[in-house]
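Student: A predicted structure for the sequence below; I have some questions about it.
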Amino acid sequence: MAIDLRDLDSQWAWAPFEPSPQRPWSRRLAAHLYRRAGFGATSDELDKAAKLGPSTAIDRLFNPPAPPPEFERDSALLADRTADSGDPHDLAAWWLYRMLNTPDAPLEKLTLFWHGHFATSAVKVQKLQMMLDQNELLRSHARGKFDAMVRAISRDPAMLIYLDSTTNRRIHPNENYARELMELFTLGVGNYSERDIKELARAFTGYEVMGDGFRFDAAQHDTGTKSFLGRSGNFDGDAAVRVVLDQPAAPRFIARKLIRYFAFDEPAAPDVLVEPIAADLRAHDFQIDVAVRRILASNLFFSDHSVARKVRSPVELCVGLMRALGGTTDLVRLAHGSADLGQALFEPPNVKGWDGGRAWINSSTLLGRANLVGQVLSESETRFDASGDSLAAAADHAGATSPEAAVEWLLELLVAAPIPATARAVLVKLASPDDSGDRSRALANVIHAMSALPEFQLA
């Protein structure tokens, strides 16, 4: 019988995980950590993490090596080229390139979180350079202080265009940003009033988009006293953000979203689990990486309450497959594939972002996921493992030379939940080459069959 999360001891839940005979540190738990903190790990990375132990492995994830100069150079060149293309899928391919090749996958994973949190769509903004600039803004603040990020996003041209706030004048304040700032970005429904929205909107008057950049027009700023959320004063936008984030609801709101993103989709985290993470945010001046690290290092995170308790998003599925196998492929096609499954990067469905969780899965997308995996595996542009560019070479490098060992290797890399014995037997049979002796094709068939399993959809 499952334990109600409300009955968990919160001190135990958020205490650092210490391996025990009942819950030893293993490659599978390391795979869980890498899958959630980033997008998965190669067999070599799991070998290293298993030797390091959970605490040191987490230290390494939060203190990655500097990216090679060629990575940043190639990323910048690709960004410039795609921003000029006018096609959001090209910009999505650039981001997939970063996710696949960065030595700092947790940074890209957090940037993806903030992209869904501060949802902005290129369909309305239309200028890809603005979307690129916003993406870099989110990345630069992803681990830092939430206050600085909110103040920066309040001036972001893409956000202002998306929320119809390109001209916010004192005679007629635009309430859209003020409403979403409290409802979706910081406090949540029920923690503010309509009057609070009207008064808060006055603090952002004078905020404009001029050309492709932000401009503050002092002549259009309302310098009168504003009263909202129990405070009164001649607040400008920056001061107003501080008032909003001083509300007790703010750290709870962000803590709950971080727990859902990194630990489990459902049920919603109860207050008894949210409050300690919210308290960490309060105590550390809303420093995001403090809260994320505590979640990822915790007993709760490595327990059955978290392992295999999230549904992979399309991006997590695509990038996780390629990162775990050391693969490369046609990223524009991968971006289109992710979009077809419901997650078009730079095109969230609305200002709330993607619902996530079970919303990713239905009869159509379940079939589509398997079809996408099959297409990626069969593409001539797809390569695996630097030692031989094939799945067979990748398996040999990992020591998975028999059909049984190959299936175990792939399950460890790609599947978070145990699969039925009958399904495993089918996979072992598929892993045996046919008369052609093509092991890479046999392994591709195994992965394609895995991708249709319910367990494959979990992270």
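Tutor: Received it, and whenever you're ready, just let me know what you need.
Student: give me the low-pLDDT residue ranges for the stretch 101-250 of the chain?
Tutor: By pLDDT under 70, the stretch 101-250 of the chain contains no weakly predicted segment.
Student: residue ranges for the strands of it, please.
Tutor: Counting by DSSP state E, counting those that start in this stretch, the stretch 101-250 of the chain has strands at residues 207-210, 213-216, 226-228, 231-233.
Student: could these go into a markdown table alongside mean neighbour count and distance to residue 244?
Tutor: In this view, the C-beta of every residue, glycine as well, is placed from N, C-alpha and C. What follows is the strands of the stretch 101-250 of the chain, written out as a markdown table (neighbours: other C-beta atoms under 10 Å; distance: least, C-beta to C-beta, whole Å):
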| stretch | mean neighbour count | distance to residue 244 |
| --- | --- | --- |
| strand 207-210 | 18 | 15 |
| strand 213-216 | 14 | 19 |
| strand 226-228 | 20 | 8 |
| strand 231-233 | 14 | 10 |
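Student: Redo those as TSV? Include distance to residue 67.
Tutor: Shown next, in TSV, are those (distance: least, C-beta to C-beta, whole Å):
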stretch	distance to residue 67
strand 207-210	32
strand 213-216	27
strand 226-228	42
strand 231-233	42
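Student: what's the closest of the ones you listed to residue 18?
Tutor: Nearest to residue 18, of all the strands of the stretch 101-250 of the chain, is strand 231-233, at 43.8 Å by C-beta to C-beta.
Student: what lines up beside that closest one in the sheet?
Tutor: strand 226-228 (antiparallel) (DSSP bridges).
Student: still on that earlier bit, residue 31 is nearest to which of the strands of the stretch 101-250 of the chain?
Tutor: Using C-beta to C-beta, those put strand 213-216 closest to residue 31, at 42.4 Å.
Student: Could I get the CA-only coordinates of the closest one as PDB?
Tutor: Provided in PDB are the C-alpha atoms of strand 213-216 (Å, rounded to 0.1, in the frame of the first residue of the first chain):
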ATOM      1  CA  GLY A 213      15.100  46.500 -27.300                       C
ATOM      2  CA  PHE A 214      13.600  47.600 -24.000                       C
ATOM      3  CA  ARG A 215      13.200  51.300 -23.200                       C
ATOM      4  CA  PHE A 216      12.000  53.000 -20.100                       C
END
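Student: Who are the packing partners of that strand?
Tutor: Judged by 3 or more C-beta pairs under 8 Å, 6 or more residues apart in numbering; DSSP states H and E, strand 213-216 is in contact with helix 157-162, strand 207-210.
Student: out of the strands of the stretch 101-250 of the chain, nearest to residue 364?
Tutor: Comparing those by C-beta to C-beta, strand 207-210 comes nearest, at 38.1 Å.
Student: who touches the closest one?
Tutor: Applying C-beta atoms under 8 Å, 6 or more residues apart in numbering, the external contacts of strand 207-210 come out as 154-155, 157, 160-161, 165-168, 177, 214-217, 220, 237.
Student: Could you rerun that using 10 Å?
Tutor: 130, 154-161, 165-169, 174, 177, 214-217, 220-221, 236-237 (C-beta atoms under 10 Å, 6 or more residues apart in numbering).
Student: Just the C-alphas of it, formatted as PDB.
Tutor: C-alpha atoms of strand 207-210 as PDB (Å, rounded to 0.1, in the frame of the first residue of the first chain):
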ATOM      1  CA  TYR A 207       8.100  50.100 -19.900                       C
ATOM      2  CA  GLU A 208       8.200  50.000 -23.700                       C
ATOM      3  CA  VAL A 209       9.800  48.100 -26.600                       C
ATOM      4  CA  MET A 210      11.600  50.400 -28.900                       C
END
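Student: Could you measure from the residue lying farthest from the centre of the chain over to residue 153?
Tutor: No residue in the chain sits farther from the centre than residue 435, which is 42.6 Å out by C-alpha atoms, centre = their mean. Plainly put, residue 435 is 59 Å away from residue 153 if you go by C-beta to C-beta, to the nearest Å.
Student: now residue 261
Tutor: With distances taken as C-beta to C-beta, residue 261 is found 18 Å from residue 153.
Student: Looking at those two, which one has more neighbours?
Tutor: Comparing residue 261 with residue 153 by other C-beta atoms under 10 Å, the one with more neighbours is residue 153, at 23 against 20.
Student: I'd say the more buried one and residue 134 touch.
Tutor: Yes. Judged on C-beta atoms under 10 Å, residue 153 makes contact with residue 134 at a distance of 7.8 Å.
Student: OK, contacts around residue 54?
Tutor: Contacts of residue 54 by C-beta under 10 Å, 6+ apart are 16, 17, 18, 19, 25, 29, 30, 33, 296, 297, 301, 302.
Student: quick one: it and residue 304, what's the gap?
Tutor: Here residue 54 is placed at a distance of 16 Å from residue 304 (C-beta to C-beta).
Student: in the stretch 51-200 of the chain, which spans are helices?
Tutor: 54-62, 69-83, 88-101, 105-117, 122-125, 128-141, 146-153, 157-162, 176-180, 194-203 (DSSP state H, counting those that start in this stretch).
Student: can you pull the contacts of the nearest residue to residue 108 once chain neighbours are set aside?
Tutor: Of all residues not flanking residue 108 in the chain, residue 99 sits nearest, at 4.7 Å (C-beta to C-beta, 6 or more residues apart in numbering). Residue 99 sits next to 38-39, 105, 107-109, 111-112, 315-316, 318-320, 322-323, 331, 345 when contact means C-beta under 10 Å, 6+ apart.
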